[in-house]
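# sequence and predicted structure are below.
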Amino acid sequence: MTHFPDIGVEIHGHVGLIEIRRPPLNFFDISLINQIADALEGFDRDIEIRASVLAAQGKAFCAGANFTDPARQAQEAAEAKGDPADSLGPINHLYMQAVRIFRCKKPIVAAVHGAAIGGGLGLAVSADFRVTCPEARFSANFTKLGFHPGFGLTVTLPELIGKNNAELMFYTSRRVTGEDAYKMGLANECVPQDQVRTAAMKLAAEIAECAPLGLLSTRATMRAGLADRVMAATEHELAEQTRLRATEDFKEGVKATEERRFANFKGR
């Protein structure tokens, strides 16, 4: 089995388990997304695996990209030859690699035991199903940072919870509890926090009891065109992110998030 630096991969009967291992907040970058996509593609090639679970160590499921990390800012500023807050660095490549996850062929259950924020929400929504708990928080916090949603969320979130609920999450950047996520259809099950992974594995095992060819065929029908829609949306999202990341509001949003205060946005 392939060794990955930031994820653990296990096989439990006909279920593959991917565990993100960047605790406590499991911030992502292109390397982590590539590792997850590589592992899922490996599951696709393994005839014995019929479904998978995506879980995480630490406090959060995935807190998205870490815009306030000094090392990340310095690296991305060097790549962009500009102000650290001006650049998302290689995030365009990251989002393009994320489309690989949507092209994978077998059902995925996300075990969301903690926060799924920004692109971390996008990662959770890339799965077919989500098992969560009351303590979890789901947030599309992009407008609070001062820019535009990414990770294909402008396609995936409204398809999952309806356009108006997606608009509510986008326009407020509010944190939705696990219980409210379950009520709005963002999560399929809400269980006690210490049972999230067990319940996700149980759901994946239930899926894996079905005929593998029938599963592949039905999922391909249900997800027909999704990866292409996500790719098209990602291109638009990136264009908007590129435009907005050059604004004063984006710098202020990142700074306010780092300093844990309300942002003083100016509309420029």
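That came in fine, so what should we check first?
# quick one, strands of this protein?
For the chain, the strands defined by DSSP state E cover 7-12, 15-20, 51-56, 108-112, 116-117, 129-132, 137-139, 176-177, 189-190.
# columns mean neighbour count on top of those, output as CSV?
In this view, the C-beta of every residue, glycine as well, is placed from N, C-alpha and C. What follows is these, written out as CSV (neighbours: other C-beta atoms under 10 Å):
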stretch, mean neighbour count
strand 7-12, 16
strand 15-20, 23
strand 51-56, 27
strand 108-112, 29
strand 116-117, 30
strand 129-132, 27
strand 137-139, 23
strand 176-177, 20
strand 189-190, 20
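# please name whichever of those strands is nearest to Gly214.
Taking C-beta to C-beta, strand 51-56 is the member of the strands of the chain nearest to Gly214, at 12.7 Å.
# lowest-scoring secondary structure element of this structure by mean pLDDT?
helix 70-80 (a mean of 46; mean pLDDT, DSSP states H and E).
# picking up where we left off before, rebuild the strands of the chain as a markdown table, extending it with mean pLDDT.
Formatted as a markdown table, the strands of the chain follow (pLDDT from 0 to 100):
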| stretch | mean pLDDT |
| --- | --- |
| strand 7-12 | 98 |
| strand 15-20 | 98 |
| strand 51-56 | 98 |
| strand 108-112 | 98 |
| strand 116-117 | 98 |
| strand 129-132 | 98 |
| strand 137-139 | 98 |
| strand 176-177 | 98 |
| strand 189-190 | 98 |
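# surely Val155 is in contact with His236?
No. The criterion here is C-beta atoms under 8 Å, and Val155 misses it with His236 at 9.8 Å.
# looking at these two, which one has more neighbours?
It is Val155, of Val155 and His236, that has more neighbours when counted by other C-beta atoms under 10 Å, with 23 against 12.
# excluding chain neighbours, what is closest to the more buried one?
Nearest residue to Val155 in three dimensions, chain neighbours excluded: Ala233, at 4.3 Å (C-beta to C-beta, 6 or more residues apart in numbering).
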